[in-house]
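**Student:** Give me the fold of what follows.
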Amino acid sequence: MNTENFVTVRTYHDRIVGELMIAALENAGIRVFKFEESNSVLPPDNIEIKVHEEDVDFALEIIEEKEGL
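**Tutor:** I've put the predicted structure just below:
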C-alpha cells in the first residue's frame, strides 16, 4: 500500500485499544495503515494509526466518539 498521503491520527501504547480503533475505522469504510514500532522481540510498543489525508476529519470523529471525548 502506498502510504505517501497517509497521516498519523493517533498513537496508542495499548495494543488492544489500537486494534479496536482500527476495526472501528475499517468498519466505517476508512482505509487504515497500521505502523507498529518495536525495540525488541516482544510485541510492538506503539501502534500508529494512519489514514488517508482525505479521511482525517471523519476518522477523528469516529476515534473521539469511541474514546468518549
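
**Student:** With residue 15 as the reference, measure out to the nearest residue to residue 6 once chain neighbours are set aside.
**Tutor:** Once flanking residues are discounted, residue 6 sits nearest to residue 50: 4.1 Å by CB to CB, 6 or more residues apart in numbering. For every residue, glycine as well, the C-beta is placed using N, CA and C. Applying CB to CB, to the nearest Å, the value for residue 50 to residue 15 is 16 Å.

**Student:** which outside residues touch stretch 55-64?
**Tutor:** Residues from elsewhere that reach stretch 55-64, judged by CB atoms under 8 Å, 6 or more residues apart in numbering: 7, 9, 10, 21, 24, 25, 28, 30, 31, 49, 51.

**Student:** Could you list every helix and strand that the host helix or strand of the residue nearest to residue 6 packs against?
**Tutor:** Using DSSP states H and E, residue 50 falls within strand 46-52. If contacts are counted by 3 or more CB pairs under 8 Å, 6 or more residues apart in numbering; DSSP states H and E, strand 46-52 sits against strand 6-12, helix 15-27, strand 32-37, helix 56-67.

**Student:** give me that answer again for 7 Å
**Tutor:** strand 6-12, helix 15-27, strand 32-37 (3 or more CB pairs under 7 Å, 6 or more residues apart in numbering; DSSP states H and E).

**Student:** For the ones you listed, which has the smallest mean pLDDT value?
**Tutor:** Least confident of these, judged by mean pLDDT, is strand 32-37 with a mean of 84.

**Student:** if we can go back for a sec, counting neighbours, go ahead and name the busier of residue 50 and residue 15.
**Tutor:** Neighbours per residue (other CB atoms under 10 Å) separate residue 50 from residue 15, with residue 50 holding more: 21 against 14.

**Student:** Was I right to think that one contacts residue 10?
**Tutor:** No - counting by CB atoms under 7 Å, residue 50 does not reach residue 10; the two are 9.2 Å apart.

**Student:** Burial check on residue 10, number of neighbours?
**Tutor:** 19.
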